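>>> following is a predicted model, sequence given first.
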Amino acid sequence: MFNGNLFEQGVDIIPDNVPQDNNTDLTGDYINLANKDRAYLCVFLAGASSDTDNVLHLDLDQATDNGGTGAKAAAVVTKFWYKSGSAAVPGVMTGAATWTAVELGTAVSDLDMEGYDVGTQAMCFIFEILPENLDVDGGFTHVRHHQEADTFADARVGASWWITTGDAYAKAIPNSAL
């Protein structure tokens, strides 16, 4: 077993959207998956005070560079996990259930989280993205997400970040994935 640090083992953590009110649309930066085995988009939502219209919607786009050249839908998600818990104390997720895995029949670029217990609970979602599901033959190597939560009836703080694995050029301090 390789005894390197997290980054030397080919893992990178990339901040996407800082904690903010998710009652508006949020769009992250494109990240480069050209030399990665896979990526995980992690989305956290704090609890809400009401259960009205709390549906999280995600779109994933792919492009040939971090400037968004040739951007189009990225049907790359085939699997995701989620868990929920109480957030009675701001910033603390208590009583979190175990992760629930969801396998999708085909890869999708458009995800409505209705029915996944978004309600008033604090939620954490992890979406797996496999780079080979990008249009690699067309030169597409970058992916980003757009989080549409403006249907929320009340303020709901959330944040997102990427975790990438299998960096072909792993080292103690990884190159920027942006």
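That came in fine, so what should we check first? From a predicted model like this one, the values you see are computed outputs, not experimental measurements.
>>> distance of residue 171 relative to residue 165?
Residue 171 is 15 Å from residue 165, where distance means Cβ to Cβ, to the nearest Å. Any C-beta I mention is one placed from the backbone N, CA and C, and that applies to glycine too.
>>> next, count neighbours for residue 157.
Using other Cβ atoms under 10 Å, residue 157 is surrounded by 18 other residues.
>>> how about the contacts made by it?
Applying Cβ atoms under 8 Å, 6 or more residues apart in numbering, we find residue 157 in contact with 19-22, 45-46.
>>> which of those scores worst on pLDDT?
Least confident entry in the contacts of residue 157, by pLDDT: residue 22, with 69.
>>> by contact count, what packs against the worst-scoring helix or strand of the chain on mean pLDDT?
Using mean pLDDT, DSSP states H and E, the weakest-scoring helix or strand in the chain turns out to be strand 110-112, at a mean of 77. Applying 3 or more Cβ pairs under 8 Å, 6 or more residues apart in numbering; DSSP states H and E, one finds that strand 110-112 contacts strand 57-63.
>>> can you give the distance of the strand it packs on from its chain's centre?
Relative to the chain's own centre, strand 57-63 is displaced by 10 Å; criterion: Cα atoms, centre = their mean, to the nearest Å.
>>> ok, then the element right after that strand?
Heading C-terminal from strand 57-63, the first helix or strand you meet, by DSSP states H and E, is strand 72-73.
>>> which strands and helices lie in contact with that following strand?
Identification of packing neighbours for strand 72-73 by 3+ Cβ pairs under 8 Å, 6+ apart yields strand 57-63.
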